[in-house]
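K.L.:
quick one, structure for this:
(one chain, ligands or ions: 1)
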Amino acid sequence: MQAKVPAGLDHKESEVYRRLDPDRLPRHIAIIMDGNGRWAKRRHMPRVAGHRAGVAAVRSTVETAARIGIHAITLYAFSEENWKKRPKSEVDFLMRLLSRYLKAELPTLNNNNVRLEYIGRQHELPKDVQERMEWARQNTAKNTGTVLTLALNYSARSEIVDAVRSLLKAASQNGGLEHLQIDEDTVAEHLYTRHLPDPDLVVRTSGEMRLSNFLLWQLAYAEIYVTPTLWPDFRGVHLLEALAEYQKRERRYGGLNHNEASAAERSAHHFNHAKPGTDSGTNSNDSQAHDAKLAHGH
Ligand code: FPP
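P.N.:
Predicted structure coming up:
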């Protein structure tokens, strides 16, 4: 039976959606939005025109994610490196664009039941931008649908540094270092993303094959999908295509798939029960010598 297409998807989106298994959608999608500058350059326009055009891509992608019931979507809008290494005029433009986006999109975010969150060193952003961000966060706080997290002035390494600082601070307030117990869950609770599950899928536009300091801890087991589409051309239908590709993959988390696991089981059984010197070869003198070599690190 074909999956029921959610309301609001256009014709092309509905076509791709019908190929999806609604029970195997990723819970959390992370997106590295890239290619705004190249998009503008191809049109002989200033770089900032690419950023402006990127807003329509954000709108379409977030709406589609919300309509199909994705739990969380995180957009890499602005890295710490962007902030420090781009001309001030471009940074100022991006800040104004963000402020305008938050104001203009609030009704659409609310109509789509989207809740806004942020990750990154927000306190380093201009005061008026911080105020607008907080305003938008509060005005979507009651929404219960998709969580849209904007990574702004974000760096994964800084996030890990901040997590270590926060852990040490918590330890000093709770009896000191000798009582500190650390495991993966404790670290995750001190990351900026403590409100989110780890992404199952990371999408990068414009064909670049890098993570660029984005969610390095959280993407440990994520599927990576790279599309040549430049961010300003990206739309909801492209997100659905990424999901179709994601559903073709098999996630193993360092384990084996079912067939491989059975085959490994059979060969281990064979190995353990083979008599020394039989033609299974596994216990021959040659292989013992080989094993001894390996054990000595040759
Ligand atoms: C990367 O393209 C994109 C950015 C640094 C900014 C992303 C911003 C937007 C998509 C605009 C709006 C976003 C929000 C949330 C309002 P690039 O400039 O590095 O492109 P290039 O690699 O082609 O030069």
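K.L.:
what score does Asn285 have for pLDDT?
P.N.:
At Asn285, the predicted lDDT confidence score is 40.
K.L.:
for Ile73, same thing?
P.N.:
Predicted confidence (pLDDT) for Ile73: 98.
K.L.:
just use 415 as the starting number from now, easier for me
P.N.:
Sure, I'll start counting at 415 from here, so that last one is Ile487.
K.L.:
please identify which helix or strand holds it.
P.N.:
Mapping Ile487 onto the secondary structure by DSSP states H and E places it in strand 486-493.
K.L.:
after that strand, which helix or strand is next?
P.N.:
Defined by DSSP H and E, the subsequent element after strand 486-493 is helix 494-499.
K.L.:
any buried residues in that following helix, and which?
P.N.:
By 16 or more other Cβ atoms under 10 Å, the buried positions in helix 494-499 come out as Glu494, Asn496, Trp497. Using the backbone N, CA and C atoms, a C-beta is placed for each residue, glycine as well.
K.L.:
nearest spatial neighbour of the last one, skipping sequence neighbours?
P.N.:
Leaving aside its chain neighbours, Trp497 sits nearest to Asn567 (5.3 Å; criterion: Cβ to Cβ, 6 or more residues apart in numbering).
K.L.:
what's the host helix or strand of Thr475 packed up against?
P.N.:
Thr475 is part of helix 461-481 when elements are defined by DSSP H and E. Counting by 3 or more Cβ pairs under 8 Å, 6 or more residues apart in numbering; DSSP states H and E, the packing neighbours recorded for helix 461-481 are helix 450-456, strand 486-493, helix 502-525, helix 650-662.
K.L.:
winner for burial among those?
P.N.:
strand 486-493 (a mean of 24; mean count of other Cβ atoms under 10 Å).
K.L.:
residue contacts, the closest residue to the ligand within the stretch 515-664 of the chain?
P.N.:
The stretch 515-664 of the chain approaches the ligand most closely through Tyr515 (3.6 Å), counting by Cβ to the nearest ligand atom. Listed by Cβ atoms under 8 Å, 6 or more residues apart in numbering, the contact set of Tyr515 reads Val469, Val472.
K.L.:
what do you get for Tyr660?
P.N.:
Pro440, Asp614, Leu615, Glu637, Tyr639 are the contacts of Tyr660 under Cβ under 8 Å, 6+ apart.
K.L.:
neighbour-wise, which of those leads?
P.N.:
For the contacts of Tyr660, neighbours were counted by other Cβ atoms under 10 Å; the highest total belongs to Leu615, with 25 neighbours.
K.L.:
need the residues of the protein near the ligand, please.
P.N.:
Selection of the chain residues close to the ligand by Cβ under 6 Å from any ligand atom yields 447-452, 465, 468-469, 472, 489, 491-492, 496, 511-512, 515, 564, 645.
K.L.:
and the helices in the protein?
P.N.:
425-431, 450-456, 461-481, 494-499, 502-525, 541-552, 570-587, 598-603, 650-662, 672-687, 699-709 (DSSP state H).
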